[in-house]
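Visitor: Need coordinates for the below:
(chains A and B)
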Amino acid sequence: MIRRIVVFGASFVGIGFLVLPVVAIFARVPPGRLVSQLGNGAVTDALRVSVETSAVAQALVLLVGTPTAVVLARRFPGRELLVALVELPLVLPPAVAGIGLFAAFGRFGLLHTSIPFTKLAVVFAVALVSGPLYVRAAIAAFEGVDENIVAASRTLGAGPTRTFFRVVLPLARAGLAAGAALALARGLGEFGATIMFAGSLRGVTETLPLAVYSEFNVNFDTALAISALLVALSAALLIALKWRPSLSISRFRFAASS
Amino acid sequence: MATLALDFALPLRGFELSLALDVERTVALVGPSRAGKSTEQRVAAGLARPARGSVRFDGEDWTPLPPERRSVGLVFQDYALFPHLDVRRNVAYAGEPDGLLERLRIAHLARAKPAELSGGERQRVALARALARRPKVLLLDEPLAALDAHTKAEVRHELAELLRELRLPTLLVTHDYEDAAALADEVGVLVDGGLRQLAAPSELVAQPRDGFVASFTGANLLHGEAHATGGLTQVQLGDGTCVYSTDHATGPVGVVVYPWDVSLAREHADDSALNVLRAEVTSVVEVGNRVRVRVGPLTAEVTAASAQRLGLRDGGRVYATFKATGTRLVPL
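Guide: Reported below is the predicted structural model:
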């Protein structure tokens, strides 16, 4: 009996601890004022920057990450090491990722570019943290495609390219979509690497999470409104992810009509 | 008819697959699992490269060609249908589907997804898809293994008929000798990566090269020591029993007796059969309209009616007899 009380009590405290900050964002200010704060120039600027940079970063991650995952899903010597290298940015402290980007692309970095403190710098920072998440999910998705089905396509006269687009990609689609959603959510929330490598220039590099930070000291209600917006976006992506079972059924319909 | 000529070697885990074989009509390779059967199909289809040797078709060297540039139709053991495409699109992936859907009687399933089909239906879809490419060679990997016993008999019959009509060089692999004998003109016994014997099914039964081939074709194999005695060969078995054969041999041999050549009786009948063993019935298994009865070291096949009349299900001791002329002696 006492054990049950302890277990249930602990889980109550645990769940409460996790949920309370999210609830508090919405409880502190009436919903009407939250919505009206979204019309604030600082918010719309940050939203525009976030949407633009996330869209470009996501496109880059999908275009570069998908072929990378195709290669890494094959078995070859040194593969484990390469996968570990690709996954490394996932576990790096964001500040270290920011310094790394400087060391690589800074004016005095390895490649001597003028990328820092531009919109492209935001894209780089976002892609560096969201890319590994997508590639990891995509490798698993490609590994999950039955080798015999791929072999069957080849014996039926389809070359590697046609096999990839007509068989491998449709079968890996559910896993790829999940990875993409996860990467997008992670990228939208990127803070540490962005503020170091891109700075926080309103309308240029100030994304939604950076705007939360700068409004924090100026207008707490605005900071709350942006936070509420980010919670809504993250929740929407999470729900999309949780719906994967229906996604994997509808993928058959998708491919059949393609 | 053109010929698929295989002559290659490929090291596998623990042994080397080494094969020289001309496929003109239907050839079946039978053997235990891990004998290299599936690898052989992959080499023929171009999905695996041989370490040495070649795959040729009608004089044309296929060895360096990828699967899509060979004209092979491969039916996979698990059929490997595209799960995201319906039956019609699965077949259309390789070529014009409509005639084949009709021919294999799956036109009514055109809109169904593979997950909705029975084993027999999937097999027909896999065949239709492989044929849609108009292949010059047909490769079947364990075509009946994924089917339940009831469906299997029916599908085997249909498949045999289809193969006869197609008149394509066909190479099929199976672990089941009966399937091989029912489907193929020639059967090769593949063991440890090598071809032990290649012959017509009836010849494999009549003249098995060794004990392995004999037991694989379903024969009883009794181990013993052979001595010549007055025109016949007497073989003393491990338990001291003597059996006689019209074959000639000396030293350690295997006595080959087919189950359908063994008669069972409750009483000792005074007939011409020279070999009589008296032993306990240990198992009775129905196989279609036949009954397979295990008696001591022998398996006998009798009709269901005979099994009923002799009360074999009740067990007890019976006399198993077989003629000296019905035995073969093979090296062990």
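Visitor: Going by C-alpha atoms from here, please, whenever you check contacts or count neighbours.
Guide: Noted.
Visitor: Starting from B:Thr233, give me the distance back to B:Gly240.
Guide: With distances taken as CA to CA, to the nearest Å, B:Gly240 is found 15 Å from B:Thr233.
Visitor: Neighbour count: these two, which is higher?
Guide: B:Thr233 (21 against 9; other CA atoms under 10 Å in any protein chain shown).
Visitor: Kindly confirm my reading that that one is in a strand.
Guide: Yes - the assignment for B:Thr233 by DSSP: H, G, I helix; E, B strand; the rest coil puts it in a strand.
Visitor: so what's it bridging to?
Guide: As for beta bridges, B:Thr233 partners with B:Ala228, B:Ser245 under DSSP bridges.
Visitor: Next, A:Val145: phi, psi?
Guide: When read as degrees, to the nearest 10, the backbone of A:Val145 gives phi -80, psi 120.
Visitor: and the residue in the stretch 151-258 of chain A positioned nearest to chain B, helix, strand or coil?
Guide: The nearest approach of the stretch 151-258 of chain A to chain B comes at A:Gly157, 4.0 Å away (CA to the nearest CA). Secondary structure state of A:Gly157, per three-state DSSP, is coil.
Visitor: ok now the helix ranked longest in chain A, how far from the chain's centre?
Guide: In chain A, ranked by residue count with DSSP state H as the criterion, the top helix is helix A:41-72. For helix A:41-72, the gap between its own C-alpha mean and the chain's C-alpha mean amounts to 8 Å (CA atoms, centre = their mean, to the nearest Å).
Visitor: could you say what helices and strands that helix packs with?
Guide: Packing partners of helix A:41-72 (3 or more CA pairs under 8 Å, 6 or more residues apart in numbering or on different chains; DSSP states H and E): helix A:79-91, helix A:119-143, helix A:169-188, helix A:208-216.
Visitor: on that earlier part again, what number of residues lie near the residue of the stretch 151-258 of chain A closest to chain B?
Guide: The burial count for A:Gly157: 24, using other CA under 10 Å.
Visitor: likewise A:Val51?
Guide: When counting by other CA under 10 Å, one arrives at 14 neighbours for A:Val51.
Visitor: same check, this time on A:Val23
Guide: 12.
Visitor: Now do it against A:Val7, distance only.
Guide: Distance of A:Val23 to A:Val7, given as CA to CA: 24 Å.
Visitor: Return the set of residues that bridge with B:Leu221.
Guide: B:Val256.
Visitor: got a list of what it touches?
Guide: Neighbouring residues of B:Leu221 by CA atoms under 8 Å, 6 or more residues apart in numbering or on different chains: B:211, B:214-215, B:254-257.
Visitor: Please identify which of the residues you listed is nearest to chain A.
Guide: Proximity of these to chain A (CA to the nearest CA) peaks at B:Ser215, which lies at 32.2 Å.
Visitor: Which pLDDT value goes with that closest one?
Guide: Confidence at B:Ser215, expressed as pLDDT, is 84.
Visitor: how close does B:Ala307 get to A:Ser114?
Guide: From B:Ala307 to A:Ser114 the distance is 92 Å (CA to CA).
Visitor: right, I mislabeled it, should have said B:Glu301
Guide: According to CA to CA, B:Glu301 stands 87 Å off from A:Ser114.
Visitor: Just want to know which of the two has more residues nearby.
Guide: Legend: neighbour count by other CA under 10 Å for B:Glu301 and A:Ser114, higher for B:Glu301 (24 against 14).
Visitor: now A:His112, what's its secondary structure?
Guide: A:His112 is classified as coil under three-state DSSP.
Visitor: Which residues are in contact with it?
Guide: Contacts were defined as CA under 8 Å, 6+ apart; by that measure A:His112 touches A:104-106.
Visitor: can you do 7 Å?
Guide: Contact analysis of A:His112 by CA atoms under 7 Å, 6 or more residues apart in numbering or on different chains lists A:105-106.
Visitor: per-residue confidence at it?
Guide: Predicted confidence (pLDDT) for A:His112: 90.
Visitor: So for the biggest strand by length in chain B, what gets flagged as buried?
Guide: As assigned by DSSP state E, the longest strand anywhere in chain B is strand B:275-287. The neighbour-count check on strand B:275-287 (16 or more other CA atoms under 10 Å in any protein chain shown) flags B:275-279, B:281-282, B:284 as buried.
Visitor: if I look at the residue of chain A most remote from its centre, how far off is chain B?
Guide: Distance to the chain centre peaks in chain A at A:Met1, reaching 43.5 Å (criterion: CA atoms, centre = their mean). Distance check for A:Met1 against chain B: by CA to the nearest CA, to the nearest Å, it reads 48 Å.
Visitor: which other residues reach the longest helix along chain B?
Guide: In chain B, with assignment by DSSP H, the single longest helix is helix B:149-166. Residues outside helix B:149-166 that contact it (CA under 7 Å, 6+ apart) are B:120, B:144, B:183.
Visitor: And the residues you listed, which is closest to chain A?
Guide: Proximity of those to chain A (CA to the nearest CA) peaks at B:Leu144, which lies at 17.3 Å.
Visitor: where does that closest one land in three-state SS?
Guide: Under three-state DSSP, B:Leu144 comes out as coil.
Visitor: and it, how many neighbours does it have?
Guide: Per other CA under 10 Å, the neighbour tally for B:Leu144 reads 24.
Visitor: Spit out the contact partners of A:Glu215.
Guide: For A:Glu215, the contact set (CA under 7 Å, 6+ apart) comprises A:222-223.
Visitor: Recalculate using a threshold of 6 Å.
Guide: Applying CA atoms under 6 Å, 6 or more residues apart in numbering or on different chains to A:Glu215 gives the contacts A:Ala223.
Visitor: Quickly note the distance from it to A:Val43.
Guide: In this view, A:Glu215 and A:Val43 are 9 Å apart by CA to CA.
Visitor: Which pLDDT value belongs to residue 144?
Guide: Chain wasn't specified; assuming chain A. Here, the pLDDT recorded for A:Gly144 equals 94.
Visitor: Please refer instead to chain B.
Guide: Predicted confidence (pLDDT) for B:Leu144: 90.
Visitor: Among the buried residues of strand B:275-287, pick out the one closest to A:Arg162, please.
Guide: Set against A:Arg162, the nearest of the buried residues of strand B:275-287 by CA to CA is B:Val284 (53.9 Å).
Visitor: what sits against whichever residue of the stretch 201-332 of chain B sits closest to chain A?
Guide: Going by CA to the nearest CA, chain A is nearest to B:Phe216 of the stretch 201-332 of chain B, at 28.7 Å. By CA under 6 Å, 6+ apart, B:Phe216 lies in contact with nothing.
Visitor: Pull out the CA atoms of the strand or helix carrying B:Val318 and give them to me as CSV.
Guide: Secondary structure assignment for B:Val318, by DSSP states H and E: strand B:317-322. Taking C-alpha atoms only, strand B:317-322 is exported to CSV below (Å, rounded to 0.1, in the frame of the first residue of the first chain):
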residue,chain,number,x,y,z
ARG,B,317,4.1,-55.8,-33.8
VAL,B,318,3.8,-56.3,-37.5
TYR,B,319,5.8,-58.1,-40.2
ALA,B,320,7.5,-55.8,-42.8
THR,B,321,8.5,-57.5,-45.9
PHE,B,322,10.3,-56.4,-49.1
